[in-house]
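# Curious how this folds, go ahead:
(chains A and B)
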Amino acid sequence: MVQHEVLDRAFAALADATRRDILVRLGDGPATISELAESAGMTLTGIRKHVDVLVDAGLATTEKVGRTRQCRLGAERLDDAMAWISFYQRLWERRLDGLEAYFTLRNGTRNDTHNDTDKGAT
Amino acid sequence: MTEHTGGTAADTTTETLELRASRTLPATPEEVFDAYTDAEQQKIWFSILDEEPGIVEIEADLRVGGRQVAVWGPDRDTLFREEQVFLEIDRPHRLVTESTGSDPSGQTMTTHIVVTFEPVDGGTLMSVVQSGFPTPEIRDFFASQAWVGAFDRIEAYLVRR
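Coordinates of the predicted model:
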């Protein structure tokens, strides 16, 4: 599945400390390749390779501005990763709320009508 | 949500990123285990609090290696899906599954779920621990303060744009 591969690429890109540092730096705002290289203590070529991986994974975007290349955070992909946490949070809330309502309703019905036939004798 | 019944939270203080949820339910562990795993009962409680009728389809094959598929959503164009494969079944104490969730855009994510059912005063404490980001480095990143800080900055950045 293509979408799944994109998310896999994002996680693979995140599995490198230098690239995570770049993302944290970009979280403060856009930066040029030179600025990123300087703060990481790396060569332009070295940092460019990491930025390419991040761009490929959708975690960052670059844009030519004059003679420099400006990098920005592609926050959408990070949101995708975090979206799974909220997907399951909502799912578990739905399940636990539903089960609680189900048993509370059943117990209420049982107390009101003394009708235990569906569960056999108590 | 009340204190004693617990809630859901993304626990970012531990080494791995885990989603934890728990609730005390007014029934025996056997009743809770069966209601949680039986497809017909699931169809009832899964949508019991829905104000608007939507789509809920659930199939369950409760045996090790068997699958449970739940599909739900407000309409046919907006469907969520979760497929669980049963890895360990210990009625009425413990259930371990691998869960693959799919959102309406078609993205998927596979995680590991352990559900336990403990007898307590007032019924059964049902607890869920879900984990499964792909690598330890990713989990560390998500769990780290750097990540939390980064996310704050990302939000701030997006607002500024």
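# In contact with the nearest residue to A:Thr68 once chain neighbours are set aside, which residues?
Closest residue to A:Thr68 apart from its sequence neighbours, by CB to CB, 6 or more residues apart in numbering or on different chains: A:Thr32 at 4.4 Å. C-beta coordinates here come from the backbone N, C-alpha and C atoms, glycine included. Shown in contact with A:Thr32 (CB atoms under 8 Å, 6 or more residues apart in numbering or on different chains): A:Val65, A:Thr68, A:Arg69, A:Gln70, A:Cys71.
# Quick one: the helices in chain A, in order.
A:2-14, A:17-27, A:33-40, A:44-56, A:75-113 (DSSP state H).
# what do you get for chain B?
B:29-37, B:39-46, B:136-143, B:145-160.
# and B:Pro104, how many residues sit next to it?
Using other CB atoms under 10 Å in any protein chain shown, B:Pro104 has 12 other residues around it.
# I meant B:Gly65, not that one.
8.
# Same check on A:Val51?
There are 23 residues near A:Val51, going by other CB under 10 Å.
# Also A:Tyr102?
Neighbours around A:Tyr102, by other CB under 10 Å: 22.
# For chain A, which residues score under the pLDDT cut-off?
Low-confidence segments of chain A, defined by pLDDT under 70, span residues A:1-8, A:75-86, A:112-122.
# how about 50 then?
A:1-2, A:115-122 (pLDDT under 50).
# From B:Ile55, how far out is B:Glu40?
17 Å (CB to CB, to the nearest Å).
# more neighbours, those two?
B:Ile55 (14 against 9).
# Name whatever forms a beta bridge with that one.
Beta-bridge partners recorded for B:Ile55 (DSSP bridges): B:Gly73.
# if I pick it, what's in contact with it?
B:Ile55 makes contacts with B:Val71, B:Trp72, B:Gly73, B:Pro74, B:Asp75, B:Arg76, B:Leu79, as judged by CB under 8 Å, 6+ apart.
# What pLDDT does the model give it?
Looking at B:Ile55, its pLDDT is 93.
# Now do the same contact list for residue 99.
Using chain A here. Each residue near A:Leu99 by CB under 8 Å, 6+ apart is listed here: B:Arg23, B:Leu25, B:Val32, B:Ala35, B:Tyr36, B:Trp45, B:Met126.
# try chain B instead
Taking CB under 8 Å, 6+ apart as the contact definition, B:Ser99 lies against A:Tyr88, B:Glu82, B:Glu83, B:Gln84, B:Thr110, B:Thr111, B:His112, B:Ile113, B:Gln130.
# 7 Å instead, please
Taking CB atoms under 7 Å, 6 or more residues apart in numbering or on different chains, we find B:Ser99 in contact with B:Glu82, B:Gln84, B:Thr110, B:Thr111, B:Ile113.
# re the thing from before, gap between the residue nearest to A:Thr68 and chain B?
Per CB to the nearest CB, to the nearest Å, A:Thr32 is found 16 Å from chain B.
# Filter the contacts of B:Ser99 down to just the ones in strands.
B:Glu82, B:Gln84, B:Thr110, B:Thr111, B:Ile113 (DSSP state E).
# No more questions from me, cheers.
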